[in-house]
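**Student:** could you work out the structure for the sequence below:
(chains A and B)
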Amino acid sequence: MGYAIETRDLVKKFGDFTAVNHLNLRIRKGEIYALLGPNGAGKTTTVRMIMGLLKPTSGEIFVDGISVVKYPEIAKKKIGYVPQFFSLYADLTVYENLDFYGRIYGLSREERVKRIRELLEIVELSAYKDFLAGNLSGGMKRRLSLAAALIHDPPILILDEPTAGVDPPLRRAFWRLFVDLKKEGKTILVTTHYMDEAEKADRIGLISRGKLVAEGTPRDIKRMVYGGDVVRIVFRSYDTVYRSIKELPTVMKIIDHKVIDKAREEIIVVVKDFGTSLPEITDFLKSSGAEPLLIEPVPVTLEDAFIALATRAKNV
Amino acid sequence: MFEKLIAVVVKEFKQLIRDKRTIALVIALPLSIMLLFGVAYSGNPRDVAVALAIEDSSPFSQIVVERIMASETFKVEYVLDNLETAKYYVEKGIVKASIVIPEDFSKRLMIEGKASVVLVLDPAWMNIPAAVQAEVSEIAAKASEDITRELYRRYGEIRVVSIDVVPLYVRGNLKIIDIVGPAVMGIMVQQVPLTLAAISIVREREKGTLEKLLTTPIGKLDLIFGKLIPYALVGILIGIIELYIVTEGFGAINYANLFDILIITFALALASLGIGMIFSIVSRNQLQAMQFSTFFLIMSFLFSGFLLPAEGIRPEVRVIVYLMPLYYFYDGAVGLILRGTRLKEVLFSVLQLVFYAIVTLAISFLLLSKRIE
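**Tutor:** Residues are numbered from 1 along each chain as shown, chains lettered A, B, ... in the order given. Sure, this is the predicted structure:
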């Protein structure tokens, strides 16, 4: 199976500034992929190149196996695009905007009427169809933009920071929608700088200074920071335990050790995999005569991971 | 105490000079128009197309004929033998003026010591009649001296002769509104669609709507013509209303029929749209597009042959006249409105406008990119 979107050694330079630096993205069909990175990391530039709006300095882009550079018109039809900023006509109504894009994509009158009704339901704008787009609230504009991107029922959806400046309830609603669209078989590429949001994606690409610094499921990404899962162990102590736990094959590293009070100690270790190491640790503690009180994974936030990975990439 | 004022002044200056195009538009363009104006307007009229009617073929009239032929002001396109044909040529706009040497020219010279040269002039050509009259008066004065000398040589006595110039206006007196009407109409028909077109693309660029639009399967032709058709209709409508206000409301002459006027107006609107489209594509923002459009208005006012006929503009820079769509329109519309010629007689002007439109639209098609960089 080919990729929905693939970039090969994609480079974009603006003068001396390299905005995108040998980027290799492989977005699988039917997944939600979050391109996560700080402002200025090259997310929008990448998306604009995929949309054929910017010409790559070098490298290739394929959308559903079709070269964007060679056949932009064919490639573009496969994508529904929501730009970062509101880009519909403020002086047309909600309905007129959607109808215009429907015509541009060659939908017949009947198809347009039906499709617009469906989309307005989905984005919950049915009651506002005769409002001028310019008079809508920020959140409604976002929803309208999404509807416009879906007008031609594209297999791929690209959203550039769709939730920037959007309140949490609407962000959640958006992500529920993404999941629904994914169930329909669509591929979704979302750029964001919200860590909590990226967590909901199937896979994340971490981009920093135009480079992909890490890629994988949210869990993979977190594990990359320490090379495994981080586990917090609290037990009634004998001081030999702390030193000898190192010898357990599953334990890769001890990050921290402290005595909580007279009877309790805490160690934080990195293990290869939390699930498989849990019984091993329990057994070990018992056999050492210590009494395990708590063994729990330490949540590594994506933010931690991101900062760690981006810093690491910078120092290389 | 002036801190805030200074802050604004400094900011405005910085913004003015930040973009090279703005510098060009704010400083270079007005200066070059002024320079062009100076060069273009400082010469004397040349190559005015005239017909010369010689009813009297005496050696005396030959002296006048030679001087007319030698004049740089005139380009004698037809040599005729009677006043009636000479008038007809002017009425039909085939030539800008006719110079007639009447039948009794040499007879009166011999008997009365004075004779006349008749000029057939068309007041519709704004400044041409005055220029023709001035040049012919000068020629007449010099020719009188020649003839005086010639008479002395022949008869050995000094007989001072004088030649005066008698202007004869075809179509009687035109009011100023008659003459200005077609030009004002042309300016409206040009400027309204041109400005709309000049803003069209750059507004979408500035508002960000172009980013979305360019990612759709929309073709460049769809985009260009989709925008132009409504603007063209607005332009034509304004032109026609303008014409009827001037004629019906203020009593200006109009011999044209509606269909002919529609066709030439449409051709001008198309040509103007092509220019406006180019402006829109090369502008970074709406301000620049508006400046382009304003300067084009000034240019067409100065160089479309309305204020100063093409013949009055120095040949070195006369090409600028042929770059103004209004020149072709004015040429044709004056014929239709003031002279009552039919469309087929001004078809060449219409075709020139259509050609102009095709070229400018082709340029805008080539310049328009489906990318945003």
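**Student:** distance check, the nearest residue to residue B:350 once chain neighbours are set aside against chain A.
**Tutor:** Closest residue in space to residue B:350, ignoring its immediate chain neighbours: residue B:267 at 4.9 Å, by Cβ to Cβ, 6 or more residues apart in numbering or on different chains. The C-beta positions use only the backbone N, C-alpha and C, and glycine is treated the same way. From residue B:267 across to chain A, the span is 30 Å (Cβ to the nearest Cβ, to the nearest Å).
**Student:** wait, residue B:267 touches residue B:348, no?
**Tutor:** No: using Cβ atoms under 8 Å, residue B:267 is not in contact with residue B:348, being 11.4 Å away.
**Student:** OK, contacts around the residue nearest to residue B:350?
**Tutor:** Shown in contact with residue B:267 (Cβ atoms under 8 Å, 6 or more residues apart in numbering or on different chains): B:329, B:350, B:353-354, B:357.
**Student:** what score does residue 288 have for pLDDT?
**Tutor:** With no chain named, the answer covers chain A. The score at residue A:288 is 79. That number is its pLDDT.
**Student:** that answer is for a different chain, and I need it for chain B
**Tutor:** Per-residue confidence at residue B:288 stands at 88 (pLDDT).
**Student:** so it belongs to a strand, correct?
**Tutor:** No: read with DSSP: H, G, I helix; E, B strand; the rest coil, residue B:288 is helix and lies in no strand.
**Student:** how much space separates it from residue A:284?
**Tutor:** 74 Å (Cβ to Cβ, to the nearest Å).
**Student:** longest single helix anywhere in the chain?
**Tutor:** Using chain A here. Longest helix in chain A by number of residues (criterion: DSSP state H): helix A:168-183.
**Student:** I was thinking of chain B, sorry if that wasn't clear
**Tutor:** Taking DSSP H as the criterion, chain B has its longest helix at helix B:176-207.
**Student:** off-centre distance for that one?
**Tutor:** On the basis of Cα atoms, centre = their mean, to the nearest Å, helix B:176-207 sits 16 Å off its chain's mean C-alpha point.
**Student:** next one: stretch B:314-324
**Tutor:** 10 Å.
**Student:** quick one: contacts of that stretch?
**Tutor:** Under Cβ under 8 Å, 6+ apart, the answer for stretch B:314-324 is B:36, B:39-40, B:42-43, B:46-47, B:299-300, B:303-305, B:310, B:313, B:327.
**Student:** same thing but 6 Å
**Tutor:** B:39-40, B:43, B:300, B:303-305, B:310, B:313, B:327 (Cβ atoms under 6 Å, 6 or more residues apart in numbering or on different chains).
**Student:** so residue A:80 sits against residue A:157, correct?
**Tutor:** Yes: Residue A:80 lies in contact with residue A:157 (Cβ atoms under 6 Å); the separation is 4.7 Å.
**Student:** among those two, which residue is more densely surrounded?
**Tutor:** Set residue A:80 next to residue A:157 and count neighbours by other Cβ atoms under 10 Å in any protein chain shown: residue A:80 wins out with 27 against 24.
**Student:** how confident was the prediction at whichever residue of the stretch 151-300 of chain B sits closest to chain A?
**Tutor:** In the stretch 151-300 of chain B, the residue that lies nearest chain A is residue B:212 (3.8 Å; Cβ to the nearest Cβ). Listed pLDDT for residue B:212 reads 92.
**Student:** element containing the closest residue to chain B within the stretch 151-300 of chain A, please.
**Tutor:** The stretch 151-300 of chain A approaches chain B most closely through residue A:152 (8.5 Å), counting by Cβ to the nearest Cβ. Element membership for residue A:152, per DSSP states H and E: none, as it lies in no helix or strand.
**Student:** report the contact partners of it.
**Tutor:** residue A:105 are the contacts of residue A:152 under Cβ under 6 Å, 6+ apart.
**Student:** which ones among the contacts of residue B:267 lie within helices?
**Tutor:** Filtering the contacts of residue B:267 for helices - DSSP H - leaves B:329, B:350, B:353-354, B:357.
**Student:** all strands of the stretch 1-150 of chain A, in order?
**Tutor:** Ranges of strands in the stretch 1-150 of chain A, per DSSP state E, counting those that start in this stretch, are A:3-14, A:17-23, A:26-28, A:32-36, A:58-63, A:66-67, A:79-82.
**Student:** and the fourth one, what does it pack against?
**Tutor:** What that stands for is strand A:32-36. Other elements packing on strand A:32-36 under the criterion 3 or more Cβ pairs under 6 Å, 6 or more residues apart in numbering or on different chains; DSSP states H and E are strand A:187-192, strand A:203-208.
**Student:** ditto for the longest one
**Tutor:** Counting by 3+ Cβ pairs under 6 Å, 6+ apart, the packing neighbours recorded for strand A:3-14 are strand A:17-23, strand A:26-28, strand A:58-63.
**Student:** tell me the secondary structure for residue A:232?
**Tutor:** Per three-state DSSP, residue A:232 ends up strand.
**Student:** hang on, it packs against residue A:296?
**Tutor:** Yes: judged on Cβ under 6 Å, residue A:232 makes contact with residue A:296 at a distance of 5.4 Å.
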